[in-house]
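**Student:** Predicted model and sequence follow; I will ask about them next.
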Amino acid sequence: MASNQNKMTNYRWAICALLFFATTINYLDRQVLSLTWKDFIAPEFHWTDSDYGNITALFSIFYAIGLLVAGRFVDWMDTRKGFLWAIGVWSVGAVLHAFCGIATSGIVAGEWFVGFEGALHAIEKVKDVGLIVSVSVTLFIFARFVLAIGEAGNFPAAIKATAEFFPKKDRAYATSIFNAGATVGALAAPISVPVIAHYFGWEMAFIVIGVLGFIWMGFWVFMYKKPNEHPKVNAAELAYINQDDEVIKEHSVDTEKAGNKIGFWNSFKYKQTWAFIVGKFMTDGVWWFYLFWTPAYISDVYGLTSDTTMAQVLLFVLYAITLLSIIGGWLPTYFVDKKGMNPYAGRMKSMLIFAFFPLLALLAQPLGAYSYWFPIIIIGIAGAAHQAWSANIFSTIGDMFPKSSIATITGIGGMAGGIGSAMINKGSGLLFDFADESKMRLFGFEGKPSGYLIIFSICAVAYLIGWIIMKSLVPQYKPIVVE
């Protein structure tokens, strides 16, 4: 009986599971628009690629600003309450998208009290296409604003929770597991969202997926407490979680005990902060481009709309491949345990390895001329490399910064990633419209395929450039010392 009592509990993995499902819901909500705009929403509101590019770019900007605030908010509110606020707000934002059609009909046609089908008929009577586009885009931008502000809290809160429940050597692995929720969300979206949109209307797709966040909140309320307060975390597990304390004291970074925190503006004086900023700025936009534009790419280049079986199979296979990203959490642990590296050195070596795989994107468009399977597989591999990279770059914060500042630094780097994402999404929309209208030719490709060739090439080299700059800024493990 005594041996059972001394056996270490593993409740930290239950928390990791909660973070996984939150991230899954986060990406499901984010994906609904990308899977419905081209084939369901654009015909109704007469959107162009530039209109969609504007919406996604502004979402990225809102998300960037939200991350800057969310990091500080989560550090101030603490993990439990901060996460509840975040997912509550983004679930409201997700559902709001469904009512943009009704609101558009009310503004342009003066018919407010209609159902979803009635809104479509009311809009069809209006001859001013420019007004329909302007009003609908503005309303969707507002819905994306609410979604972005809420979703911005997911990663600061999740990274903070991971730092609270896992020692440094396990954080990349735990992060890769909950970060795989992004892949699972993206995987589930193409086989569920277009089906719901096809049979029940695009509005119901936003409502059904949006409600999942409210269900998750109930589990979080009853399951989350700090490890030292949680009745399901025994002394052995608590000691395992806090095993870094002695190492921290050796480096004179006993900030948690003293209650010291790094001020927001003081964060920018550290090279470690700038390394994280550069890494996120250079690479976040690549993942968001793949996430937001791949359904449109399949439709534009190969004529496969999102509600066709083949398009759904292609997207499912793509995101199934990205599940390989879990290796990204295991590899640095291998370098630490088997090769004797410190966590930062193991993480940076892993990230260098992952930075080479996106180079395959240089071949996506050329090989796509032979079969659509080539770019799908290549994007899947590049996406897996990104998620592996992402799990490790998030964990570098825990390597360098005290727990009291992790959400803040996560938010700052996330803001940089959001700015990079806004640039690539806005630029992509403009480029694709220009390439289509001007019949632009590049290396044998004409129109939109030539535009995709350019963006794929940018995505291919972003990681190596980001890694080189990060390594130059912080060549060796150097935790922040707060006096």
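**Tutor:** Sure, I can see it. As the structure is a computational prediction, the values presented were derived from the model and not from experiment.

**Student:** L323 against A182, yeah?
**Tutor:** No. Taking contacts as Cβ atoms under 8 Å, L323 lies outside contact range of A182: 10.4 Å. Backbone N, C-alpha and C define where each C-beta goes, glycine included.

**Student:** Which of the two has more residues huddled nearby?
**Tutor:** Neighbour count, other Cβ atoms under 10 Å: between L323 and A182, A182 has more, with 28 against 16.

**Student:** do you know how far that one is from R30?
**Tutor:** 9 Å (Cβ to Cβ, to the nearest Å).

**Student:** Strands along the protein, start to end?
**Tutor:** Taking DSSP state E as the test, the strands found in the chain are 441-442, 445-446.

**Student:** Just put those strands in JSON lines and tack on mean neighbour count, distance to V233 and mean pLDDT.
**Tutor:** Shown next, in JSON lines, are the strands of the chain (neighbours: other Cβ atoms under 10 Å; distance: least, Cβ to Cβ, whole Å; pLDDT from 0 to 100):
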{"stretch": "strand 441-442", "mean neighbour count": "13", "distance to V233": "57", "mean pLDDT": "88"}
{"stretch": "strand 445-446", "mean neighbour count": "16", "distance to V233": "56", "mean pLDDT": "86"}
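
**Student:** can I get those in a markdown table with distance to I379?
**Tutor:** Shown next, in a markdown table, are these (distance: least, Cβ to Cβ, whole Å):
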| stretch | distance to I379 |
| --- | --- |
| strand 441-442 | 19 |
| strand 445-446 | 17 |
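
**Student:** Select, out of these, the one closest to L96.
**Tutor:** strand 445-446 (38.5 Å; Cβ to Cβ).

**Student:** what's next to the closest one, contact-wise?
**Tutor:** By Cβ atoms under 8 Å, 6 or more residues apart in numbering, the surrounding residues in contact with strand 445-446 are 365, 369, 439-440, 453.

**Student:** ok, that strand: who's next to it in the sheet?
**Tutor:** strand 441-442 (antiparallel) (DSSP bridges).

**Student:** What lies in contact with the partner strand?
**Tutor:** Applying Cβ under 8 Å, 6+ apart, the contact partners of strand 441-442 are 450, 453-454.

**Student:** go on, stretch 287-300?
**Tutor:** Stretch 287-300 is contacted from outside by 27, 30-31, 34-35, 37-39, 49, 52, 56, 60, 186, 190, 304-306, 311, 314-315, 318, 372, 375, 379, 382-383, 386-387, 390, 421, 424-425, 428, 432, 448, 452, 455, 459, using Cβ under 8 Å, 6+ apart.

**Student:** For the stretch 101-250 of the chain, give me the ranges with low pLDDT.
**Tutor:** For the stretch 101-250 of the chain, residues meeting the criterion pLDDT under 70 lie at 112-115, 118-119, 245-250.

**Student:** just the helices in it please.
**Tutor:** Using DSSP state H, counting those that start in this stretch, the helices of the stretch 101-250 of the chain run over 116-124, 129-151, 154-165, 168-200, 202-223, 235-241, 245-250.

**Student:** So what angle separates the directions of the first one and helix 168-200?
**Tutor:** Relative orientation of helix 116-124 versus helix 168-200 (axes from the mean of the first three to the mean of the last three Cα atoms, to 10 degrees): 70 degrees.
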